[in-house]
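**Student:** below are the sequence and a predicted model for it; my questions follow.
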Amino acid sequence: MNEVLGLPQHLAGAERCLVMGVLNVTPDSFSDGGRWLDRDQAVEHGLRLRAQGADIVDVGGESTRPGAARVDASQEKQRILPVVEQLVGAGVVVSVDTMRAEVAGAALEAGAHIINDVSGGLVDPGMPGLIRSSAVPYVVMHWRAPSDRMDRAAVYDDVVTEVIGELRARLRALVDAGIDPRQLIVDPGLGFSKDIDHNWSLMAGLDRLHDLGRPILLGASRKRFLAAVTAAPDGSAVTPDARDDATTATTALAASAGVWCVRVHDVRPSLDAVRVAAALGSADRPWSLPVPPFGEGISR
């Protein structure tokens with residue numbers, strides 16, 4: 001796999017798609033809201049994710065599900081910082097899911113390794129400066145609107161082309177702000193200002209995202225678009241937890257498409273999927289296609 005500046009060395013040299021485990025320390029996240037709001041339970045779950053094989057644990061203190069209300073920075077920090085400190089102390093590589101520079105800075109002081117910003121730096125103008133000075137990996141997600149308005153922004157003529165164009169513009173803006181392009185990771189933002197068809201089009205177009213020249217993080221886990229293809233035996237509504245098998249299928253597809261990391265709630269099946277994809281990728285296949293060179297498509 002390709003290098004990401006600032007990533008711990010044992011992950012920088014990984015030969016397969018990485019697996020990021022989700023740890024939402026929130027009462028209202030769409031899938032696991034309220035389960036890990038207690039500090040000790042959150043730490044225990046983070047350690048369990050690591051024990052299951054998660055390369056990274058992504059800790060978030062503010063829900064970004066459609067319709068979610070924002071919390072203030074002090075509450076967000078209160079939720080995540082003790083969890084980050086304990087997980088880092090136990091040797092876990094921690095990513096922090098936040099749109100606030102204040103929260104990101106405090107998390108980095110607590111030992112976090114990666115900042116995962118679903119707004120790609122659009123919400124907080126202080127974020128680019130923090131990322132520049134800290135030299136940590138930074139996930140830049142495609143984002144058009146806050147959670148309470150995101151569904152109204154799901155309007156595209158060609159979703160793959162437009163997402164790539166908007167991500168390219170964010171990458172250029174961040175590099176112009178002084179951030180080393182090698183710090184930047186892109187995320188197409190499945191479920192964020194996208195309807196079901198948009199999400200599937202992005203899944204089908206993952207190979208085109210390599211044109212950005214940056215590693216790709218994909219977060220398909222348990223999202224609503226998977227319910228449309230998930231069978232409920234009794235015909236009832238498909239709950240988020242019941243979408244894990246479909247999530248594993250998206251992981252296999254993503255890993256085969258050269259995605260750098262997948263963000264999932266259920267780690268072990270996705271770890272198996274990326275290992276299968278890695279084994280297939282290393283086999284002697286005359287029809288296999290090369291992944292475009294890392295780092296091309298953006299200049300300082």
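**Tutor:** The structure has been received and is ready for your questions. Numbers count the residues shown, from 1 in each chain.
**Student:** in the stretch 101-250 of the chain, which spans are strands?
**Tutor:** For the stretch 101-250 of the chain, the strands defined by DSSP state E, counting those that start in this stretch occupy 114-117, 138-141, 184-187, 217-218.
**Student:** now those in JSON lines, with mean pLDDT?
**Tutor:** Compiled in JSON lines, the strands of the stretch 101-250 of the chain are given as follows (pLDDT from 0 to 100):
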{"stretch": "strand 114-117", "mean pLDDT": "97"}
{"stretch": "strand 138-141", "mean pLDDT": "98"}
{"stretch": "strand 184-187", "mean pLDDT": "98"}
{"stretch": "strand 217-218", "mean pLDDT": "98"}
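**Student:** so for Leu23, which of those sits nearest?
**Tutor:** Leu23 lies closest to strand 114-117 among those, at 11.7 Å (CB to CB). In this view, the C-beta of every residue, glycine as well, is placed from N, C-alpha and C.
**Student:** in terms of secondary structure, what does that closest one contact?
**Tutor:** strand 56-60, strand 94-97, helix 101-109, helix 127-134, strand 138-141 (3 or more CB pairs under 8 Å, 6 or more residues apart in numbering; DSSP states H and E).
**Student:** tell me which residues are up against it.
**Tutor:** By CB atoms under 8 Å, 6 or more residues apart in numbering, the residues outside strand 114-117 that reach it are 6-7, 56, 58, 60, 93-99, 104, 107-108, 123, 127, 130-131, 136-141, 187, 217.
**Student:** list the buried ones in it?
**Tutor:** With burial defined by 16 or more other CB atoms under 10 Å, the residues of strand 114-117 counted as buried are 114-117.
**Student:** between those residues, which is closest to Ile196?
**Tutor:** Closest to Ile196 out of the buried residues of strand 114-117 is Asn116 (24.0 Å), distances taken as CB to CB.
**Student:** how near is the closest one to Thr250?
**Tutor:** Computed as CB to CB, to the nearest Å, the Asn116 to Thr250 distance reads 18 Å.
**Student:** burial of Asp58, as a residue count?
**Tutor:** As a burial measure, Asp58 scores 26 neighbours (other CB atoms under 10 Å).
**Student:** what of Ala135?
**Tutor:** 13.
**Student:** and the one 4 residues further on, by the same measure?
**Tutor:** Neighbours of Val139 under the rule other CB under 10 Å: 25.
**Student:** now do the helices in this structure.
**Tutor:** Under the criterion DSSP state H, the chain contains helices at 9-12, 39-51, 73-89, 101-109, 127-134, 159-176, 196-204, 206-209, 224-227, 244-256, 267-282.
**Student:** next, the angle from the last one to strand 56-60.
**Tutor:** When axes from the mean of the first three to the mean of the last three CA atoms, to 10 degrees is applied, the directions of helix 267-282 and strand 56-60 differ by 130 degrees.
**Student:** next: the third one.
**Tutor:** Counting by the same axes, to 10 degrees, helix 73-89 lies at 160 degrees to strand 56-60.
**Student:** then the fourth one?
**Tutor:** Going by the same axes, to 10 degrees, helix 101-109 is angled at 140 degrees with respect to strand 56-60.
**Student:** elements contacting helix 101-109?
**Tutor:** Applying 3+ CB pairs under 8 Å, 6+ apart, we find helix 101-109 packed against helix 73-89, strand 94-97, strand 114-117, helix 127-134.
**Student:** 7 Å instead?
**Tutor:** Judged by 3 or more CB pairs under 7 Å, 6 or more residues apart in numbering; DSSP states H and E, the packing partners of helix 101-109 are helix 73-89, helix 127-134.
**Student:** how far is the shortest one from where the chain is centred?
**Tutor:** For helix 127-134, the separation from the chain centroid amounts to 19 Å (computed by CA atoms, centre = their mean, to the nearest Å).
**Student:** can you give the contact residues for that helix?
**Tutor:** 101, 104-105, 108, 115, 117, 121, 138, 174, 177-179, 183 (CB atoms under 7 Å, 6 or more residues apart in numbering).
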